[in-house]
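*Asks:* how would this look folded up:
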Amino acid sequence: MMIETVDTMAEFSTKLEQLRMFLVQHLPTETFANAVPVAILVLIVGIAISVLGAKLARIGVTAGFVGLGAFAGYRFGLHTEFPPPLCALVAAGMIGVIGHLTFRLWVGAAVAVVLASLALGTFSYEKLLPHVTEFENTQMVAMPASAGGSAGFAVPTPDEQQAYLKRSPRELATQFWDYANLQDVTIERRAQAIGLAALVTGLFLGVVAVRWALVISTSLLGTVLVAGSVGALFASFYPPSYQSFLSHPAVGGMAAGLFMLTSLSLQAMLTRKTPDECKESGK
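*Replies:* Down below sits the predicted model:
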């Protein structure tokens, strides 16, 4: 069992590294110009979500709606004869109350997105990542049959290579998706079904079991953000250490698992109701 787990983690690490190299090779260079500052920001956000995400969720949602209301109210005032500051104040209060009272709904929506992302990510790992190398190989230009009757392949010309590398991320993703669907015509239908099922399930869990849905989803999201940002920082500043983690994926998996368990424990304790709160909710 242990050997199978290690082999699975090694395969997972290898496929993720293939995906990273594929993105590095095909995305514009400017995409990674601010990779380090972004990774540091993501690390900070990930730690904050892992520790206080569930505890401050209601405050965060309400504050977000207050800000949205203030912006919308101010814009409304600019286009009417009403004073913009007054419109911003009134709209902020009204929209903030709406956000506060519909908190369960927004938790359900957030959990639905997290669960759908996890489900589609797992589906993509199993069904799409194996086609990455194949997709790259299709970029070779087929040669007509030679005199001997055999066909071969030729390296693209410099102009073709430049056109290939300058494709936008959206164009690259579209071409890869089309190629994957040609290899397996059920991919799109299954992805839609899995995504819809995960969205509905996440919405249900988020509305019915708010506290645990928040704790689990924020711990999972925070762990993913922290693990991704730490990996990016290691790849930028300490390549040998990054390669060492790739060679020993069990170490990284255990570290991520320990971090998530710690996050779950902390958030479960921080969101536990006090005896006074339990009495008040029972009234």
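
*Asks:* strands of the stretch 51-200 of the chain, residue ranges please.
*Replies:* With DSSP state E, counting those that start in this stretch as the criterion, the stretch 51-200 of the chain has strands at 141-142, 153-154.

*Asks:* any idea which of those scores lowest on pLDDT?
*Replies:* Among the strands of the stretch 51-200 of the chain, strand 141-142 carries the lowest mean pLDDT, a mean of 46.

*Asks:* quick check: end-to-end length of stretch 232-247?
*Replies:* Its start and end residues considered, stretch 232-247 measures 16 Å (Cα to Cα, to the nearest Å).

*Asks:* what mean pLDDT does it have?
*Replies:* The model assigns stretch 232-247 a mean pLDDT of 74.

*Asks:* and the helices in the stretch 151-283 of the chain?
*Replies:* Under the criterion DSSP state H, counting those that start in this stretch, the stretch 151-283 of the chain carries helices at the ranges 158-165, 169-183, 187-208, 210-237, 239-247, 249-270, 275-282.

*Asks:* what packs against the second one?
*Replies:* Right, the one you point to is helix 169-183. If you count contacts as 3 or more Cβ pairs under 8 Å, 6 or more residues apart in numbering; DSSP states H and E, helix 169-183 packs onto helix 132-137, helix 187-208. For the C-beta atoms, the positions are set from N, CA and C on the backbone; glycine is no exception.

*Asks:* switch the cut-off to 7 Å
*Replies:* helix 187-208 (3 or more Cβ pairs under 7 Å, 6 or more residues apart in numbering; DSSP states H and E).

*Asks:* run the angle between the helix it packs on and helix 210-237 for me.
*Replies:* Relative orientation of helix 187-208 versus helix 210-237 (axes from the mean of the first three to the mean of the last three Cα atoms, to 10 degrees): 130 degrees.

*Asks:* and helix 187-208, what's buried?
*Replies:* 187, 191, 194-195, 198-199, 202-203, 205-207 (16 or more other Cβ atoms under 10 Å).

*Asks:* hang on, the earlier thing: okay, the helices of the stretch 151-283 of the chain in a markdown table with distance to Leu43 next?
*Replies:* Shown next, in a markdown table, are the helices of the stretch 151-283 of the chain (distance: least, Cβ to Cβ, whole Å):
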| stretch | distance to Leu43 |
| --- | --- |
| helix 158-165 | 30 |
| helix 169-183 | 23 |
| helix 187-208 | 25 |
| helix 210-237 | 4 |
| helix 239-247 | 15 |
| helix 249-270 | 12 |
| helix 275-282 | 33 |
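
*Asks:* quick one: closest of the ones you listed to Thr80.
*Replies:* Proximity to Thr80, assessed across these by Cβ to Cβ, is greatest for helix 187-208 (36.3 Å).

*Asks:* got a list of contacts for that closest one?
*Replies:* Applying Cβ atoms under 7 Å, 6 or more residues apart in numbering, the contact partners of helix 187-208 are 104-105, 107-112, 114-116, 119-120, 123, 127, 180-181, 213.

*Asks:* so of the helices of the stretch 151-283 of the chain, which one's packed in deepest?
*Replies:* Of all these, helix 210-237 carries the top mean neighbour count, a mean of 20, counting by mean count of other Cβ atoms under 10 Å.

*Asks:* check which helices and strands it sits against.
*Replies:* Packing partners of helix 210-237 (3+ Cβ pairs under 7 Å, 6+ apart): helix 35-52, helix 103-127, helix 239-247, helix 249-270.

*Asks:* how about a cut-off of 10 Å?
*Replies:* Counting contacts by 3 or more Cβ pairs under 10 Å, 6 or more residues apart in numbering; DSSP states H and E, helix 210-237 is packed against helix 2-26, helix 35-52, helix 57-78, helix 103-127, helix 187-208, helix 239-247, helix 249-270.

*Asks:* so where is the stretch 1-150 of the chain shaky, pLDDT-wise?
*Replies:* 1-33, 133, 136-150 (pLDDT under 70).
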